[in-house]
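Chemist: Next input, structure requested:
(one chain, ligands or ions: 1)
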Amino acid sequence: MARTTADPQRTKYLLDEKDIPSKWYNIQADLKTPAPPVLHPATGQPIGPEDLAPLFPMELIKQEVSTRRWIPIPDGVRDVLRLWRPSPLVRARRLEQTLDTPARIYYKYEGVSPAGSHKPNTAVAQAYYNKQEGVARLSTETGAGQWGSALAFASTLFGLQCKVYMVKVSYQQKPYRRIMMETWGASVVASPSPDTESGKKVLEKDPDSPGSLGIAISEAVEDAATRDDTKYSLGSVLNHVLMHQTVIGLEAKKQLAKADDEADIVIGCAGGGSNFAGLTFPFAADKLTGKKRELRIIAVEPSACPSLTKGTYTYDFGDTIGLTPLVKMHTLGHSFVPAPLHAGGLRYHGMAPLVSKLHDEGVIEAVAVPQLATFEAALQFARSEGIIPAPESAHAIRVAIDEALRAREAGQPRTILFNLSGHGHFDLGAYEAYFAGKLEDYEYPAEKIAEALRGVPQVKA
Ligand SMILES: *Cc1c(COP(=O)(O)O)cnc(C)c1O
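Modeler: Next up is the predicted model:
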């Protein structure tokens, strides 16, 4: 049970640079049963390292399947993380007062990174290993631009070239994210682009195609697969990406100890699952090993794209077109196209396999929240704590507030911790739309999901 004897005025819990974790936590070591294998799309057989070698450096392929509990973080990675880590843990005292709750609310703030979100935590590690293995150039896709800017930043620090295929609508609507990437030296094209066969094919059929994340993934993968000097980089979903993000939760645990407090509820928003896993997996370890069984861990997703709460736990493709290996995950069907939500980072049809497995086993809970209630929470947070949150992060805030209100009803001083995965400085257009009354709640897209689920490939158990 939580307790606190620490300084009653204390607001920020800061750590020293030497407290940046020296190892990543690999939750695969603590799973009761091994993670299901990744399957080859053509043969249905488990894939091996050689299948992935054209796309990823060998060290990342090894990390993907490792069951070692702790994996050392190279000094070359920690030296870059020092630029903004350790990130602060903040006690949201003003929000607590606004809510008149006996709950103690803390947030871990990842918006202090150069790109403004948690994504550089893995971008830096991925760029580092590619550099080590002699790769000269990285290719990737980006939707809203957050992942592209994280990788552009990491690439420039390690002297790698970076090519970003940016979904055309975002390219047109979010020029500042594009300029940010170019400032860090990346080359950015609107996808579909004439630079790849995949892009050309789409453009032939539809020269005005607005693009999609699925098309952009195909272009970035083709780019890496057809060039010897290039590998591909992905910003979420994969096991090694989730593991790189565990610096968030490892730091947060030390910071809560400084506050002489212990979390009862840990919350993160979940798109592909990386920031959620990053904060919560080091806490889930205590649950899995029996140290703290009563801990609640909650993933929050948008009602318009509810993969954990409404999806099926089954094998599906990671991309829209069906080029990637098959992974077992909670999915809405790879052809499902969610409504044009403003939380662009949460518009993914699937969920990280490790997050999906923990949900299937009842280790974590999931909640879906609608768009308007999410923006209400964002404003309540901005107007009490000051920081303007990314629309994605506001999903976690919504549930943190709801849990704090429940604690008030129950008269219990629960300790709530959530991840503030990024700031919303490039998302002010979404806030503007909210103020203008132009944002809407989308109905639960039951029919579209049912249709997309019918297209999920049949895989024998
Ligand atoms: C990309 C992004 C997300 C969603 O991605 P996850 O892999 O689920 O973490 C959430 N918040 C912010 C700020 C993002 O940039």
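Chemist: Quick check: the residue nearest the centre of the chain vs L138, distance?
Modeler: The centroid of the chain falls nearest to S274 when counting by Cα atoms, centre = their mean (3.4 Å). Note on S274: its distance to L138, by Cβ to Cβ, to the nearest Å, is 18 Å. For every residue, glycine as well, the C-beta is placed using N, CA and C.
Chemist: Which stretches in the stretch 301-450 of the chain count as helices?
Modeler: In the stretch 301-450 of the chain, the segments counted as helices under DSSP state H, counting those that start in this stretch are 307-310, 353-360, 371-385, 391-410, 428-435, 446-454.
Chemist: could I get the ones you listed as TSV with mean neighbour count, distance to P54 and mean pLDDT?
Modeler: Below are the helices of the stretch 301-450 of the chain laid out as TSV (neighbours: other Cβ atoms under 10 Å; distance: least, Cβ to Cβ, whole Å; pLDDT from 0 to 100):
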stretch	mean neighbour count	distance to P54	mean pLDDT
helix 307-310	24	28	96
helix 353-360	23	21	98
helix 371-385	19	39	97
helix 391-410	23	31	98
helix 428-435	15	37	95
helix 446-454	14	29	91
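Chemist: Columns distance to M58 on top of those, output as TSV?
Modeler: Shown next, in TSV, are the helices of the stretch 301-450 of the chain (distance: least, Cβ to Cβ, whole Å):
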stretch	distance to M58
helix 307-310	30
helix 353-360	21
helix 371-385	40
helix 391-410	32
helix 428-435	40
helix 446-454	35
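Chemist: looking at these, which is closest to the ligand?
Modeler: helix 391-410 (3.3 Å; Cβ to the nearest ligand atom).
Chemist: Hmm, L55 and V221 touching each other?
Modeler: Yes - using Cβ atoms under 8 Å, V221 makes contact with L55 at a distance of 6.8 Å.
Chemist: intersection of neighbour lists for those two?
Modeler: Y232 (Cβ atoms under 8 Å, 6 or more residues apart in numbering).
Chemist: Of those two, give the one with the bigger neighbour count.
Modeler: Higher neighbour count among V221 and L55: V221, with 24 against 19, using other Cβ atoms under 10 Å.
Chemist: Grab the nearest non-local neighbour of that one.
Modeler: In this structure, V221 finds its nearest non-sequential neighbour in Y232, 5.5 Å apart by Cβ to Cβ, 6 or more residues apart in numbering.
Chemist: Get me the contact residues on the stretch 101-250 of the chain for the ligand.
Modeler: Taking Cβ under 6 Å from any ligand atom as the contact definition, the stretch 101-250 of the chain meets the ligand at S117, K119, Q146, S236.
Chemist: what's the most distant pair in these?
Modeler: Greatest spatial distance in those: S117 and S236, 11.2 Å, computed using Cβ to Cβ.
Chemist: who touches the residue nearest to the centre of the chain in this structure?
Modeler: Counted by Cβ under 8 Å, 6+ apart, S274 has contacts H118, K119, T122, G235, S236, V237, V241, L242, Q245, A352.
Chemist: how about low-confidence regions in the protein?
Modeler: Residues of the chain that meet the criterion pLDDT under 70 lie in 1-6, 460-461.
Chemist: Repeat the analysis, applying 50 as the threshold.
Modeler: The model of the chain has pLDDT under 50 over residues 1-2.
Chemist: what's the domain layout of it?
Modeler: 12-23+72-116+240-453, 119-238 (automatic domain parsing).
Chemist: Can you get me the start-to-end distance on the longest one?
Modeler: Taking Cα to Cα, to the nearest Å as the measure, domain 12-23+72-116+240-453 stretches 45 Å from start to finish.
Chemist: and that domain, how far from the chain's centre?
Modeler: In terms of Cα atoms, centre = their mean, to the nearest Å, the gap separating the centre of domain 12-23+72-116+240-453 from the centre of its chain is 8 Å.
Chemist: quick one: secondary structure of G271?
Modeler: Three-state assignment for G271 (DSSP: H, G, I helix; E, B strand; the rest coil): coil.
Chemist: measure the closest residue to it other than its chain neighbours to the ligand for me?
Modeler: Counting by Cβ to Cβ, 6+ apart, L346 is the residue found nearest to G271 once chain neighbours are left out, at 4.1 Å. L346 sits 6 Å away from the ligand, going by Cβ to the nearest ligand atom, to the nearest Å.
Chemist: pretty sure L346 is touching N275, no?
Modeler: No - assessed by Cβ under 8 Å, L346 is found out of contact with N275, at 10.6 Å.
Chemist: Now do the shared contacts for the two.
Modeler: C269.
Chemist: May I see the helices of the stretch 301-450 of the chain arranged in JSON lines, with distance to the ligand as well?
Modeler: Below are those laid out as JSON lines (distance: least, Cβ to the nearest ligand atom, whole Å):
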{"stretch": "helix 307-310", "distance to the ligand": "10"}
{"stretch": "helix 353-360", "distance to the ligand": "9"}
{"stretch": "helix 371-385", "distance to the ligand": "12"}
{"stretch": "helix 391-410", "distance to the ligand": "3"}
{"stretch": "helix 428-435", "distance to the ligand": "12"}
{"stretch": "helix 446-454", "distance to the ligand": "19"}
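Chemist: And those: which comes nearest L39?
Modeler: Closest among the helices of the stretch 301-450 of the chain, once you apply Cβ to Cβ, is helix 353-360, at 11.6 Å.
Chemist: Show me what the closest one is packed up against.
Modeler: Judged by 3 or more Cβ pairs under 8 Å, 6 or more residues apart in numbering; DSSP states H and E, the packing partners of helix 353-360 are helix 239-244, helix 274-288, helix 307-310, strand 312-317, strand 326-331.
Chemist: circling back: out of the helices of the stretch 301-450 of the chain, the one nearest A263 is which?
Modeler: Among the helices of the stretch 301-450 of the chain, helix 391-410 sits nearest to A263 (Cβ to Cβ), with 11.4 Å.
Chemist: just how off-centre is stretch 216-228 within its chain?
Modeler: With Cα atoms, centre = their mean, you get 22 Å for stretch 216-228.
Chemist: what does it rub up against?
Modeler: Residues contacting stretch 216-228 (Cβ under 8 Å, 6+ apart): 54-55, 137-143, 163, 165-167, 191-193, 195-199, 230-232, 318-321, 323-324.
Chemist: Of the residues you listed, select the buried ones using a PyMOL command.
Modeler: Burial among the contacts of stretch 216-228 is assessed by 16 or more other Cβ atoms under 10 Å; the matching PyMOL selection reads:
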select buried, resi 55+137+138+139+140+141+142+143+163+165+166+167+191+192+193+195+196+198+199+230+231+232+318+319+320+321+323+324
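Chemist: picking up where we left off before, more neighbours: L346 and N275, which one.
Modeler: Neighbour totals were compared for L346 and N275, and N275 leads with 30 against 23 (other Cβ under 10 Å).
Chemist: Am I right that the more buried one is in contact with E110?
Modeler: Yes - between N275 and E110 there is a contact under Cβ under 8 Å: 6.8 Å.
Chemist: got any residues that touch both of the two?
Modeler: What both N275 and E110 touch, as defined by Cβ under 8 Å, 6+ apart, is the set S117, H118, I248, N419, S421.
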